[in-house]
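Got a sequence here, can you build the structure:
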Amino acid sequence: MVTPETKRTSQPNSARADTLPHAAPLATSRGWLWATLALAIALAAFAVRAWTVRRGLPYVDHPDEPNPVTYVIGMLKTGDLNPHAFQKPSLYVYLLLAVLSVNYRLGLSSGLYSDLNQMFITTHVYTTLPQFFLWGRVLTAAIGGLSVWCVYQVGRRFWGQGAGVAAALFLATSPFHLRHSQYVTTDVTSGLFVLLCYAFALRVAAKGGWRDYLLAGLLAGFAASTKYNVGVAAIPIVVAHVLCWRRDLLRQGLRLVASGGAALAGFVIGTPYALLSFGEFQRGILGQVDDYSSGNHGDFTGAWNWGGYGEFFTSSEFGLAALLLALAGLAIMAWRWRAALALWLSFCLPYLLLHVSQGSHFTRNLIPLVVLCALPIGIACAEGAAQAARRRAWLGPVAAAAALLALLWVPAQASVQHSLRMAAGDTRVHALDWIARMLPPGTRIAAELAPIPGPIESRWTEVESLLGHDMAWYRQQGYSYILASSDVWRQWAMPEAYQHLASGPPLAEFGGATPYEMLGPHIRIYATGLSAADVPQPLGQDVHLGGARLLGLAVGALPAQQRQIGVAATSTFHSGDIVGIRSFWQVESAFDTPYLIFVHIRNAQGTTVAQRDTVPWQGLFPTTSWQPGTLLMDINDVQLPADLPAGTYSVMAGMYNPELQQHPPLQIDGALQDAGEVHVATITITP
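This is a model prediction of the structure:
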């Protein structure tokens, strides 16, 4: 039987010594210094990635982040480990499940969490479970830091300590890798498995041992189980088999078959329901194929769009210096380590061609290429320093410093800028904090911003565009403030039309001079100037309930579309309609008792046929929080019965405390009333 060792002895390959990498051994003490430096780089990379992962929450801007969290929450709620969605494979989801299971159990024991069926809402805009995203982002940041350490180890093992450290420095400071290490997404994990698979493919080419075949195959399967497209990582194993065995490759084919079996096992371990629920798995893959071939979305579109990829590799995301050093490193590999270059190209070229040929392009798919490019970049830096040192000993460190400065200057600046932007926080979160601190409780806001859902009413009402109405209309609908967002216009600059709408400067503004200073859209908050003169339907009498004066109501039909706000004035309704009611209150003195506001609709006989009895803002702003001098609007919509007879009905309003079973003192035109309610409107029900 021919083994790699006997084959090399009996059939030596003269080219083999310089076609496979082999790092020169170093003194143990010196090796520890290099390893300590590399570990410090990896830990710093993790720290920088984890430092600002909380920023932006509860808002979620990456379109892919909510998906794995949603799958994990479904598993936690039902105990069913089938994600039932296979647009991406499941390995990262199961890693996330392990982490979030710990988080959830800790939250349950501390009282932070309750039943997930009661507390879970996550969309592609916001989440009510920010801690889940925080833990998931820390997981990805840890995988990002581990990738930096593994790049060092691969570079050290095959090309020397200098190459390993330079490669680690590049990946640690890469703004592209940094940013994607801060999302609950699978891209950084896929890059790690591709790197490890490449490393063991190198070992296959060098030694051809069974263990290396099996581990390389297993890692290729894991890679494909993070993202289908990185299944291309199996190609270098085939190339390594050819390089190792040459004319004996068929005789040693069982090793390659075993590696293929390990790859299949790795994929199934990470995505077991590819077999257990094949129909769902098939639909998921076909959906991904359609999505990528559609060409209707992405960072750029159009099949064979080489310009888009060229722009990426020359921008600060990768860096022109990094591109030139990568090409230099590949040239050095072609000169000294042709087999290693062949393995590198056998993944990178097919992988790049696979994506360039698609109609939709997402640069996050380039994470594995960026990780693998760290290796030739490290080689170029180390070899340049070694060649300089051969001429003059002092030139080696100078050349290394110059290469690293050229390599890291632009991407490091971009990474610092990104980290500072993240540390500055999100304009939406800052606006929320400012509103909570500065605006009187109970005042209404119309906002070009999706509200955070919860068990009680949001502080603001979302509107598609504030410019659809003038300021007088917002006052008549009871809004004391409006919040304008540049997101509506898909741009950073705020249109001048808002200045004309408000006729004055904003009360507050969030966002720097450029979109690179903070997360989130440019936000401005304006006061509408709401006053008693704006009440659309005054009562015509002076009505006081406790410390507040009831100025009047707006009664009318509710908007047909969800994101249209306000009521259209009408007093005629059909049975089964919702009567839109907005009550306006001028607070004159503080309340000591929390009252609910009630609206009762009564027929001619005085029988209540429909009613709404709730605390203001569903308890968010009880009457005890009302501040004297503020004008408030409360929403008191009433659902009419479906079988309500036609006729004329009275609308009665007032305040009541069910625990104390009392009304606040009611005065009408200065006279104290025995009843705790007042007639505020009349409506007509038509057939």
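
tell me, how many neighbours does residue 340 end up with?
Look at residue 340: counted by other C-beta atoms under 10 Å, it has 27 neighbours. Glycine gets a C-beta too; all of them are placed from N, C-alpha and C.

Distance of it relative to residue 20?
6 Å (C-beta to C-beta, to the nearest Å).

so what's in contact with the two at the same time?
202, 205 (C-beta atoms under 8 Å, 6 or more residues apart in numbering).

Show me what the helix or strand where residue 237 lies is in contact with.
Using DSSP states H and E, residue 237 sits within helix 235-245. Here helix 235-245 makes contact (C-beta under 8 Å, 6+ apart) with 4, 7, 19, 197-198, 201-202, 204-208, 213, 216-217, 220, 249, 251-252, 255-256, 259, 263, 339, 342-344, 346-347, 350.

Make a ChimeraX selection of whichever of those turn out to be buried.
Listed next is the ChimeraX selection for buried residues among the contacts of helix 235-245, using 16 or more other C-beta atoms under 10 Å:
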select :4,7,19,197,198,201,202,204,205,206,207,208,213,216,217,220,252,255,256,259,263,339,342,343,344,346,347
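
so of the contacts of helix 235-245, which ones are in helices?
Residues of those located in helices (DSSP state H): 4, 7, 19, 197-198, 201-202, 204-207, 213, 216-217, 220, 255-256, 259, 263, 339, 342-344, 346-347, 350.

so where is the stretch 101-250 of the chain shaky, pLDDT-wise?
Low-confidence segments of the stretch 101-250 of the chain (pLDDT under 70): 118-121.

quick one, phi/psi of residue 129?
phi -120, psi 60 (degrees, to the nearest 10).

no, scratch that, I was asking about residue 449
The phi/psi pair for residue 449 (degrees, to the nearest 10) is phi -160, psi 130.

Which residue is the nearest non-sequential neighbour of it?
residue 485 (5.2 Å; C-beta to C-beta, 6 or more residues apart in numbering).

And for residue 147?
Per C-beta to C-beta, 6+ apart, closest to residue 147 is residue 192, 4.6 Å.

now swap in residue 519 and tell me
residue 426 (4.1 Å).

Sticking with the closest residue to residue 356 other than its chain neighbours, tell me its helix or strand.
Nearest residue to residue 356 in three dimensions, chain neighbours excluded: residue 304, at 5.7 Å (C-beta to C-beta, 6+ apart). Here residue 304, judged by DSSP H and E, is contained in no helix and no strand.

Run a quick neighbour tally on residue 304.
Residues near residue 304, counting by other C-beta under 10 Å: 12.

How about the backbone phi and psi for it?
Per degrees, to the nearest 10, the backbone of residue 304 is at phi 60, psi 40.

Please apply the same query to residue 421.
Torsion angles, degrees, to the nearest 10, at residue 421: phi -60, psi -40.

Residue 405 versus residue 75, what's the distance?
In terms of C-beta to C-beta, residue 75 sits 48 Å off from residue 405.

Give me the more crowded residue out of those two.
The neighbour comparison of residue 75 against residue 405 (other C-beta under 10 Å) goes to residue 75, with 20 against 11.

Do I have it right that that one meets residue 81?
Yes. If you go by C-beta atoms under 8 Å, residue 75 and residue 81 touch, sitting 5.7 Å apart.

Spell out which residues are contacts of both of the two.
Common neighbours of residue 75 and residue 81 (C-beta under 8 Å, 6+ apart) are residue 97.

wait, what's in contact with the residue nearest to residue 196 when sequence neighbours are not counted?
The spatially closest residue to residue 196, leaving aside those adjacent along the chain, is residue 219, at 4.8 Å (C-beta to C-beta, 6+ apart). Shown here is residue 219, whose contacts under the criterion C-beta under 8 Å, 6+ apart are 193, 196-197, 200, 233, 266.

what's the closest of those residues to residue 604?
The shortest gap between residue 604 and any of the contacts of residue 219 belongs to residue 193, at 75.9 Å (C-beta to C-beta).

Next up, the contacts around that closest one.
Neighbouring residues of residue 193 by C-beta under 8 Å, 6+ apart: 219-220, 222-223, 226, 230, 233.

Against residue 178, how distant is residue 43?
14 Å.

Tell me the predicted confidence for the closest residue to residue 48 other than its chain neighbours.
The shortest distance from residue 48 to any non-neighbouring residue, by C-beta to C-beta, 6+ apart, is to residue 419 (6.1 Å). Residue 419 is assigned 93 on the pLDDT scale.

Show me what the helix or strand containing residue 509 is packed up against.
Following DSSP H and E, one finds residue 509 within strand 508-510. When contacts are defined as 3 or more C-beta pairs under 8 Å, 6 or more residues apart in numbering; DSSP states H and E, strand 508-510 sits against helix 427-438, strand 523-527.

The shortest one versus helix 427-438: what angle between them?
When you say that, I think you mean strand 523-527. 30 degrees (axes from the mean of the first three to the mean of the last three C-alpha atoms, to 10 degrees).

Show me which positions of strand 523-527 end up buried.
523-527.

Low-confidence stretches in this structure?
Along the chain, segments meeting pLDDT under 70 span 1-19, 22-29, 118-121, 455, 561-564.

Go again with 80.
Filtered on pLDDT under 80, the chain yields the residue ranges 1-31, 114-125, 295-296, 396, 452-457, 490, 503, 512-513, 560-566.

how long is stretch 246-258 from one end to the other?
Using C-alpha to C-alpha, to the nearest Å, the end-to-end distance of stretch 246-258 comes out at 18 Å.

Same check on stretch 434-445?
Taking C-alpha to C-alpha as the criterion, the two ends of stretch 434-445 lie 13 Å apart.

Just to be sure, residue 491 is in a helix?
No. With DSSP: H, G, I helix; E, B strand; the rest coil as the criterion, residue 491 is coil rather than part of a helix.

What about it, how many residues nearby?
12.

List the residues that contact it.
Shown in contact with residue 491 (C-beta under 8 Å, 6+ apart): no residues.

swap the cut-off to 10 Å and go again
Residue 491 makes contact with 515, 521-522, according to C-beta atoms under 10 Å, 6 or more residues apart in numbering.

Now those residues in CSV, please, with extra columns for neighbour count.
Formatted as CSV, these follow (neighbours: other C-beta atoms under 10 Å):
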residue, neighbour count
515, 17
521, 24
522, 22
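
of all the residues you listed, which comes closest to residue 499?
Closest to residue 499, out of all of the contacts of residue 491 and judged by C-beta to C-beta, is residue 522, at 13.3 Å.

unless I'm mixing things up, the closest one is touching residue 483, no?
No. Look at residue 522 against residue 483 with C-beta atoms under 10 Å: they stay out of range, at 11.4 Å.

Residues that sit against both of those two, list them.
Between them, residue 522 and residue 483 share the contacting residues residue 510, judged by C-beta under 10 Å, 6+ apart.

Confirm that residue 495 sits in a helix.
No. Counting by three-state DSSP, residue 495 falls outside a helix, being coil.

Okay, the residue nearest to it when sequence neighbours are not counted and residue 200: tell me how far apart.
Among residues not flanking residue 495 along the chain, residue 489 sits closest, at 6.2 Å (C-beta to C-beta, 6+ apart). For residue 489, the distance to residue 200 (C-beta to C-beta) stands at 51 Å.

could the buried residues of strand 523-527 go into a markdown table alongside distance to residue 112?
Putting those into a markdown table (distance: C-beta to C-beta, whole Å) gives the following:
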| residue | distance to residue 112 |
| --- | --- |
| 523 | 29 |
| 524 | 34 |
| 525 | 31 |
| 526 | 37 |
| 527 | 37 |
